[in-house]
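In: coords please:
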Amino acid sequence: MAESAPAPAHGGQSHAGRPTSWLAVTVILLGFTIGGVALCLGPNWFLFWLGGGIVVVGGILALIFDIFSDVIEDAPREIAVQEHHSPFERHGA
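Out: Modelled structure (predicted):
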């Protein structure tokens, strides 16, 4: 009989974000890419400003979709300090 995997510590919530947030990020990335390619092509100022306009549209979408609300804060992690030795470590003064 197979054992089920333990439940995630964060209650099953995902850090992946909502699809609407990813849409806004994709629009911003597309505009940035178009503007960057336009600079490499001459520069082609029409394409550059078109890319800049697309970035602005993506930013407006990000504000409308409130993409920063996708952040999930985990509980603080307790990580034990591991002893290590380094040739640059100084003991005593």
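In: Would you state the helices of this protein in chain order?
Out: Along the chain, counting by DSSP state H, helices occupy 19-40, 45-65.
In: which residues are contacting the first one?
Out: Translated: helix 19-40. 44-48, 50-59, 61-62, 65, 67, 70 (CB atoms under 8 Å, 6 or more residues apart in numbering). (C-beta placed from N, C-alpha, C; glycine too.)
In: Of those residues, which count as buried by neighbour count?
Out: If you count burial by 16 or more other CB atoms under 10 Å, the buried members of the contacts of helix 19-40 come out as Asn44, Leu47, Phe48, Gly51, Ile54, Val55, Gly58, Leu61, Ala62, Phe65, Ile67, Asp70.
In: tell me the contacts of the first one?
Out: In other words, Asn44. Neighbours of Asn44 in contact, by CB under 8 Å, 6+ apart: Ala38.
In: pLDDT weak spots in the protein?
Out: By pLDDT under 70, the low-scoring segments of the chain are 1-15, 89-93.
In: Kindly export stretch 62-82 (C-alpha atoms) in CSV.
Out: Provided in CSV are the C-alpha atoms of stretch 62-82 (Å, rounded to 0.1, in the frame of the first residue of the first chain):
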residue,chain,number,x,y,z
ALA,A,62,-0.4,44.7,-12.7
LEU,A,63,-2.0,47.5,-10.6
ILE,A,64,-5.6,46.4,-11.6
PHE,A,65,-4.9,42.7,-10.8
ASP,A,66,-3.0,43.7,-7.6
ILE,A,67,-0.3,41.2,-8.3
PHE,A,68,1.6,41.9,-5.0
SER,A,69,-1.3,40.3,-3.1
ASP,A,70,-0.1,37.0,-4.4
VAL,A,71,2.7,36.9,-1.8
ILE,A,72,2.3,34.2,0.8
GLU,A,73,4.4,34.6,3.9
ASP,A,74,5.6,31.4,5.4
ALA,A,75,6.2,31.0,9.1
PRO,A,76,9.7,31.8,10.2
ARG,A,77,12.1,28.9,9.8
GLU,A,78,14.3,27.7,12.5
ILE,A,79,17.6,26.6,11.0
ALA,A,80,20.2,25.1,13.2
VAL,A,81,23.7,26.7,12.9
GLN,A,82,26.1,24.1,11.7
